[in-house]
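Participant: here's my sequence, what's the structure:
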Amino acid sequence: MAVLLSAFLYCLLAAVAVVLPAEAYLVGAALLSDVPALALAFAGAAGQVAGKMAYYLMGRGLLDVTRLRRGGRTEGRWAARMTAVEQWCRRHTWGTSAVTAVSAFAGVPPYAVVSVLAGTVGMRWWLFVVVSLVGRFLRFWLLVLSPELLPPGWLGS
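Facilitator: Next up, the predicted model:
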């Protein structure tokens, strides 16, 4: 139980402080504990989604982040691409769910950015949570299963 709580809390923190590697932590926990992969993946996914709700709320305008913005304008190729993605999502009712699912699973576009986008375009909070949970769970489940795919004795045990 302590391993699952630790995974949840670490992934929650990693969702907010994006420099912390949730994936590396979960693979390490999978290697060092006998916690079932499904439970570990779900704990990590739940922590990540709980943390990304802060980004979603920024997009909805419920959290004031004016100090973090550069006058509300960003420039460059990346900003132009995300503007195009936002416009596409606004034109397609299912678009935000698709972009969120891909991002939650693959990490491209960055999940933090997509979390803000989901709030900005008005994706329902519960749909954001469900789609994100499924995507993150599948990502983390594949990761925590990866040590079992290594040849016997490769890790020195």
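Participant: Val99 against Ser115, yeah?
Facilitator: No - if you go by CB atoms under 8 Å, Val99 and Ser115 don't touch, sitting 10.7 Å apart. C-betas here are computed from N, CA, C, even on glycine.
Participant: out of these two, which sits in the busier spot?
Facilitator: Neighbour comparison, Val99 and Ser115: the larger count goes to Ser115, with 28 against 22 (by other CB atoms under 10 Å).
Participant: report the contact partners of the more buried one.
Facilitator: Counting by CB atoms under 8 Å, 6 or more residues apart in numbering, Ser115 touches 52-53, 55-56, 59, 100, 128, 132.
Participant: mind giving me the ChimeraX select for these, buried ones only?
Facilitator: Applying 16 or more other CB atoms under 10 Å to the contacts of Ser115, the buried members can be selected in ChimeraX as follows:
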select :52,53,55,56,59,100,128,132
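Participant: out of the contacts of Ser115, which sit inside helices?
Facilitator: 52-53, 55-56, 59, 100, 128, 132 (DSSP state H).
Participant: what residues does the worst-scoring helix or strand of the chain on mean pLDDT touch?
Facilitator: Within the chain, no helix or strand scores below helix 77-91, which has a mean of 75 by mean pLDDT, DSSP states H and E. Residues outside helix 77-91 that contact it (CB under 8 Å, 6+ apart) are 95-96, 99, 109, 113, 117, 120-121.
Participant: please name the nearest non-neighbouring residue to Leu20.
Facilitator: In space, and not counting its chain neighbours, Leu20 is closest to Ala14: 3.9 Å by CB to CB, 6 or more residues apart in numbering.
Participant: against Trp141, how distant is that neighbour?
Facilitator: Between Ala14 and Trp141 the distance is 17 Å, computed by CB to CB, to the nearest Å.
Participant: comparing these two, which residue is more hemmed in?
Facilitator: Neighbours per residue, other CB under 10 Å: of Ala14 and Trp141, the larger number sits with Ala14, 21 against 18.
Participant: okay, and the more buried one sits in which element?
Facilitator: helix 2-16 (DSSP states H and E).
Participant: what residues of that helix count as buried?
Facilitator: 3-4, 7-8, 10-12, 14-15.
Participant: still on that earlier bit, which one of the contacts of helix 77-91 is nearest to Val27?
Facilitator: Pro109 (23.3 Å; CB to CB).
Participant: so where's this structure uncertain?
Facilitator: 64-75, 78, 150, 155-157 (pLDDT under 70).
Participant: many thanks, have a good one.
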